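Undergrad: heads up, no residue letters with this:
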């Protein structure tokens, strides 16, 4: 029996049931073999605790040790011990890799008082608006399912074999292969706006396809698809408000939504025909309103309840 080849076949992880039997017979042949086998087991256990392996190749390691031993007076028993040292390293590598290759447990992410970016393990990036909550519903090994409460922008990594699904409630979900889009899902509003690619909104057993520039929202128990104008629906993410010949009332409604604050707009402003072309890039509401007083001569005042009264306007 060539005990070296028996061990090597076991190391190769081949069909080695016969070799295991041969190893058992060899172990029982003599007390010396049994003692060596016990020492080998100890070596393997120590090998399992090694922590400095970065790369391991059983074949090349075995060949290297065999070449070295052939030039020395060591016996086959010495070769066996060294081969089993390799086995200890191999077992460590296998256990180390299996630990790190285990699927990660599903996580939940909450953006408390800031906009927060989340990088998922499939390469997708999700930007959560303040107060939004994203929960993974799978480990992404076979399916990619999440749920969302609040507002978030999704940039999904393509994977034709594993569609990405966002559960919004018991009857509505969004499914994509790889695209970018914005979702609002709260008690008062449900809206999906596509930035790129194709998005399917599933509702009551039917699917609505949305492409770039299109959106869908829930109104009176139904889903309505519409063409989304080039407004500032992503201003919460970009922190920028851009206007090109935009009616002043639309500007003020955007500002109200962006800062989540009530603006009490006077009838005079609603009746005006003022349009605005400008870009605002600031976190300060008062600064924007001060800029508007210069551009369209409106006036504003802060009320006791935290809202703002907007009145008086003049267009050139």
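TA: Received it, and whenever you're ready, just let me know what you need. It should be emphasised that the depicted structure is a prediction, and the values quoted were computed from it without experimental measurement.
Undergrad: which SSE is the closest residue in space to residue 108 that isn't next to it in sequence in?
TA: Excluding the flanking residues, the one nearest residue 108 by C-beta to C-beta, 6 or more residues apart in numbering is residue 135, at 4.4 Å. Any C-beta I mention is one placed from the backbone N, CA and C, and that applies to glycine too. Using DSSP states H and E, residue 135 maps to strand 133-136.
Undergrad: same for that strand, what does it pack against?
TA: Judged by 3 or more C-beta pairs under 8 Å, 6 or more residues apart in numbering; DSSP states H and E, the packing partners of strand 133-136 are strand 108-110, strand 144-155.
Undergrad: There's contact between the residue nearest to residue 108 and residue 110 in this structure, I believe.
TA: No: Residue 135 is beyond contact range of residue 110, at 9.3 Å (criterion: C-beta atoms under 8 Å).
Undergrad: Residue 240: how many residues sit nearby?
TA: By the measure other C-beta atoms under 10 Å, the count of residues near residue 240 is 13.
Undergrad: repeat for residue 301
TA: Other residues near residue 301 number 11, with proximity taken as other C-beta under 10 Å.
Undergrad: tell me the contacts of it?
TA: Going by C-beta atoms under 8 Å, 6 or more residues apart in numbering, residue 301 touches 308-309.
Undergrad: Next one, pLDDT for it please.
TA: We have a pLDDT of 91 for residue 301.
Undergrad: could you point out which element follows the host helix or strand of it?
TA: In the assignment (DSSP H and E), residue 301 maps to strand 299-302. Using DSSP H and E, the helix or strand that follows strand 299-302 in sequence is strand 308-311.
Undergrad: buried stuff in that following strand?
TA: The neighbour-count check on strand 308-311 (16 or more other C-beta atoms under 10 Å) flags 308, 310 as buried.
Undergrad: which residues are contacting that strand?
TA: Residues from elsewhere that reach strand 308-311, judged by C-beta under 8 Å, 6+ apart: 252, 261-266, 268-269, 285, 289, 298-303.
Undergrad: for stretch 149-162, same thing?
TA: Residues from elsewhere that reach stretch 149-162, judged by C-beta under 8 Å, 6+ apart: 111, 122-129, 131-134, 140, 142-144, 164, 166, 176-186, 195, 234, 236-237.
Undergrad: what about burial for the residues you listed, which qualify?
TA: Among the contacts of stretch 149-162, those classed as buried by 16+ other C-beta under 10 Å are 111, 124, 126-129, 132, 134, 140, 144, 164, 166, 176-185, 195, 236-237.
Undergrad: from these, which ones fall inside helices?
TA: In this view, those that belong to helices under DSSP state H are 236-237.
Undergrad: what's near enough to touch residue 108?
TA: Contacts of residue 108 by C-beta under 8 Å, 6+ apart are 133-136.
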